[in-house]
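A.B. asks: can you look at this prediction? I've put the sequence above it.
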Amino acid sequence: MEGRDEDPQAPVPAQSGEKKRVLLLAGGQSEEHEVSLLSARSVLAALPADRFEVTPLVITRGGRWLSAGESQRALAAGKAEAGAGALALAGAAVTEQYDVVFPLLHGPMGEDGTVQGLLTLAGLPFVGSGVLGSAVSMDKVMTKQVLQAAGVPQVAWQLATRHEWRTDPQAVQQRAAQLGWPLFVKPANLGSSVGISKVSGSSELQPALELAFGLDRRVILEAMTAYKPREVEVGLLGNDAPQVSPVGELRFEADFYDYETKYTAGEASMHIPAPLPSEVAGEIQRLAVLAFRALDCAGLSRADFFYVEETGELFLNEVNTMPGFTATSMYPSLFQAQGLSYAELVTRLVELALEPR
Ligand SMILES: Nc1ncnc2c1ncn2[C@@H]1O[C@H](COP(=O)(O)OP(=O)(O)O)[C@@H](O)[C@H]1O
Ligand SMILES: [Mg+2]
């Protein structure tokens, strides 16, 4: 960093050869709070102790930053006490004591550019995408617009705002009908399948929109693929020239990959590599890198696709800039299949955060 010599207030940087001081942010305000705590335990155990000094900091569901002692307790218990901790802006002062931050947070107020903005203001390098890549990738409408411009295939979609739904519901209903049934209604900025409905006909549309607009001001309507799609995912690792993992597949019995299926053990199974024709797997990898660049991602991301076997169609569904990260999650498993262990992967992520860009 430039200008340290002139600034007596600047934190003392670690000398080269010294251990890097890593602040591991976990928990957070989204539905994936507990998943994040689980992932954090795995990362904490895996980062080599001879190279890194890792301090976990747990953010409560209410958005407060816990002290070191409270964080240790929350991590051990797998949940954080409500009410404890400091306001994020006050808590952020502790980041001065670290060389790099690993914001292992999923969903709103963690994966969406907010925490990334705070860390950027604090002048600290961090693992993963910056403000722009995080914010755009979190927002389903912005993602669709950017990927459309980049020529990445996607399902047909429409945007609706809460104001429009209140003042001109017929216009929203008409646009939905144009997409045809069934369709998916999703809050633009949520994740974990929360607030998502599969709508089979016009009579089901109103409750689905009420649910989604109760959670977000903007909602996306998406045409369903012609048949139940195969759900295939690929991992990306790197900054400007990311490496791409083999393609993995999720299989489950449920009608779609809803909240329960995602978080109930045994409801979904992972297949790596996905049994796919090699040209389909290659196309998934090519599109994933294209999307990573178009969205200005950095460090890591997982790109999720729908492959419609009956028609041969491939659609990019979404890009997750901080994918699930427990030792058995899809993202680390994809790289493990390529010979990169979990410990090597998390080490690489911290190195990538420290790379000049
Ligand atoms: N357009 C679609 N066609 C078919 N299935 C879909 C479509 N959109 C969503 N789904 C199903 O719903 C699940 C959740 O949707 P997704 O957009 O991935 O939400 P989230 O961001 O919460 O993970 C998908 O994994 C898939 O099973
Ligand atoms: Mg998804």
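C.D. replies: Looks like it arrived, so ask away. Numbers count the residues shown, from 1 in each chain. Ligands and ions are numbered 1, 2, ... in the order given.
A.B. asks: my read: Val127 touches Asp99, true?
C.D. replies: No: at 12.0 Å, Val127 and Asp99 do not qualify as touching, with contact defined as C-beta atoms under 8 Å. Where you see a C-beta, it was placed from the backbone N, CA and C, and this is true even at glycine.
A.B. asks: give me the more crowded residue out of those two.
C.D. replies: Using other C-beta atoms under 10 Å, the more surrounded residue of Val127 and Asp99 is Val127, with 26 against 20.
A.B. asks: let me see the contact set for that one.
C.D. replies: Applying C-beta atoms under 8 Å, 6 or more residues apart in numbering to Val127 gives the contacts Val100, Val101, Phe102, Pro103, Leu104, Gly299, Leu300, Leu349, Val350, Leu352, Ala353.
A.B. asks: now the nearest residue to the fourth one once chain neighbours are set aside: phi and psi?
C.D. replies: Put plainly, it is Pro103. Leaving aside its sequence neighbours, Pro103 sits nearest to Leu25 (C-beta to C-beta, 6 or more residues apart in numbering; 4.5 Å). When read as degrees, to the nearest 10, the backbone of Leu25 gives phi -90, psi 130.
A.B. asks: kindly report the same for Pro323.
C.D. replies: The phi/psi pair for Pro323 (degrees, to the nearest 10) reads phi -70, psi 160.
A.B. asks: that one against Ser329, yeah?
C.D. replies: Yes: counting by C-beta under 8 Å, Ser329 is a contact partner of Pro323 at 6.8 Å.
A.B. asks: quick one: which of those two has more around it?
C.D. replies: Between Pro323 and Ser329, counted using other C-beta under 10 Å, Pro323 has the larger neighbour count: 23 against 18.
A.B. asks: mind listing what that one touches?
C.D. replies: Residues in contact with Pro323 (C-beta under 8 Å, 6+ apart) are Gly235, Leu300, Ser301, Arg302, Ser329, Met330, Tyr331.
A.B. asks: do that again at 7 Å, thanks
C.D. replies: For Pro323, the contact set (C-beta atoms under 7 Å, 6 or more residues apart in numbering) comprises Ser301, Arg302, Ser329, Met330, Tyr331.
A.B. asks: save those residues as a markdown table, and put in pLDDT too.
C.D. replies: A markdown table is the format used below for the contacts of Pro323 (pLDDT from 0 to 100):
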| residue | pLDDT |
| --- | --- |
| Ser301 | 98 |
| Arg302 | 98 |
| Ser329 | 94 |
| Met330 | 96 |
| Tyr331 | 98 |
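A.B. asks: that concludes my questions; thank you for your assistance.
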